[in-house]
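J.: My questions are about this predicted structure, shown below with the sequence.
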Amino acid sequence: MPDLLLYDYWRSSAAFRVRLALAWKGLDWQRVPIDLRHGEQSTAAYRALNPQGLVPLLVNDGQPMAQSLAIMEYLDEVHPSPPLLPVEPLARAKVRAAAQMVACDIHPINNLRVLRYLKDPLGHDQATIDTWARHWIEAGLTALEAFAAQEGGACLWGDMVTIADFCLLPQLYNARRVAADLSRSPRLVAIESRLLLRPEISRAHPDHDPDRTGG
């Protein structure tokens, strides 16, 4: 059995980030599916591993760790090749900033538990919820597009694949689910298209997940 266990939901953008990092580094890992739609993240057994009740959760040699950015940086430190962060301190800070634009600003107000709360108990209909999601996604991607114009090349940070790219791809996947306007983000879409040509990245995509459903 592989030393790395990933507790994962196929459509979770945070879990998608970690799958991308694992695939990029060519690591051997085992998937443990957690169905967020059916509440498997709220069981006592899972909460004992991750008190937040969220995915992803990576377990390495019996030690659990949560939060996708922390997991990706851990993997990069333990398995440094190929690297997911540049060496120079300022460059590392800028890559982290780009990753956090997605993981800390765009994603948290559009994840499943927030959107569910908008519906029940707050009583908003699906059209209103989708409008909410589109607004915040488009605003965040506009800012990230400007970052790419300043710093990017084939990837968000020059031509180096980094944790920022592995935050971008899941966010664009989610953007399309709510029909967000991506016409103002041509650089981001071009980066995505180039990265998805790489087999290891494409294999981590939710569309290729064996547990993919309509939910």
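T.: Right, received. Where do you want to start? Quick caveat: nothing in here was measured; it's all calculated off a predicted structure.
J.: can you map out the strands along the protein?
T.: Secondary structure of the chain by DSSP state E: the strands cover 4-8, 29-33, 57-60, 63-66.
J.: which stretch among the ones you listed comes nearest L188?
T.: Closest approach to L188 among those (CB to CB): strand 4-8, 24.4 Å. C-betas here are computed from N, CA, C, even on glycine.
J.: Who are the packing partners of the lengthiest helix in the chain?
T.: Across the chain, the longest stretch assigned as helix under DSSP state H is helix 126-151. On a contact count with 3 or more CB pairs under 8 Å, 6 or more residues apart in numbering; DSSP states H and E, helix 126-151 meets helix 89-100, helix 112-119, helix 163-177, helix 186-196.
J.: Could you chop this structure up by domain?
T.: What automatic domain parsing lists as the domains of the chain is 4-82, 89-200.
J.: Save those domains as CSV, and put in distance to D211 too.
T.: Shown next, in CSV, are those (distance: least, CB to CB, whole Å):
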stretch, distance to D211
domain 4-82, 5
domain 89-200, 16
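J.: right, and these - which one's nearest D207?
T.: Closest to D207 of these is domain 89-200 (CB to CB; 8.5 Å).
J.: Could you pull up the mean pLDDT of the closest one?
T.: The average pLDDT for domain 89-200 rounds to 96.
J.: For stretch 40-48, list every residue counted as buried.
T.: 40-41, 46 (16 or more other CB atoms under 10 Å).
J.: try stretch 23-39
T.: 23-25, 29, 31, 33-34, 36.
J.: returning to what we had before: looking at the strands of the chain, which is nearest to P51?
T.: The nearest among the strands of the chain, by CB to CB, is strand 63-66 at 8.6 Å.
J.: Just the C-alpha atoms of stretch 126-142, please, in PDB.
T.: Extracted C-alpha coordinates of stretch 126-142, given in PDB (Å, rounded to 0.1, in the frame of the first residue of the first chain):
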ATOM      1  CA  GLN A 126     -30.300  28.800  -7.500                       C
ATOM      2  CA  ALA A 127     -30.200  31.600 -10.000                       C
ATOM      3  CA  THR A 128     -29.300  34.100  -7.200                       C
ATOM      4  CA  ILE A 129     -26.600  31.700  -5.900                       C
ATOM      5  CA  ASP A 130     -25.100  31.300  -9.300                       C
ATOM      6  CA  THR A 131     -25.000  35.100  -9.700                       C
ATOM      7  CA  TRP A 132     -23.200  35.400  -6.400                       C
ATOM      8  CA  ALA A 133     -20.600  32.800  -7.500                       C
ATOM      9  CA  ARG A 134     -20.100  34.400 -10.900                       C
ATOM     10  CA  HIS A 135     -19.600  37.800  -9.400                       C
ATOM     11  CA  TRP A 136     -16.800  36.800  -7.000                       C
ATOM     12  CA  ILE A 137     -15.200  34.400  -9.400                       C
ATOM     13  CA  GLU A 138     -15.000  36.900 -12.200                       C
ATOM     14  CA  ALA A 139     -13.700  39.600  -9.900                       C
ATOM     15  CA  GLY A 140     -11.000  37.400  -8.500                       C
ATOM     16  CA  LEU A 141     -10.000  36.100 -11.900                       C
ATOM     17  CA  THR A 142      -9.700  39.600 -13.300                       C
END
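J.: How far away from the center of its chain is that stretch?
T.: Mean-position distance between stretch 126-142 and its chain equals 17 Å (CA atoms, centre = their mean, to the nearest Å).
J.: any idea how far I191 is from G158?
T.: Distance, G158 to I191, using CB to CB, to the nearest Å: 11 Å.
J.: Many thanks, we can stop here.
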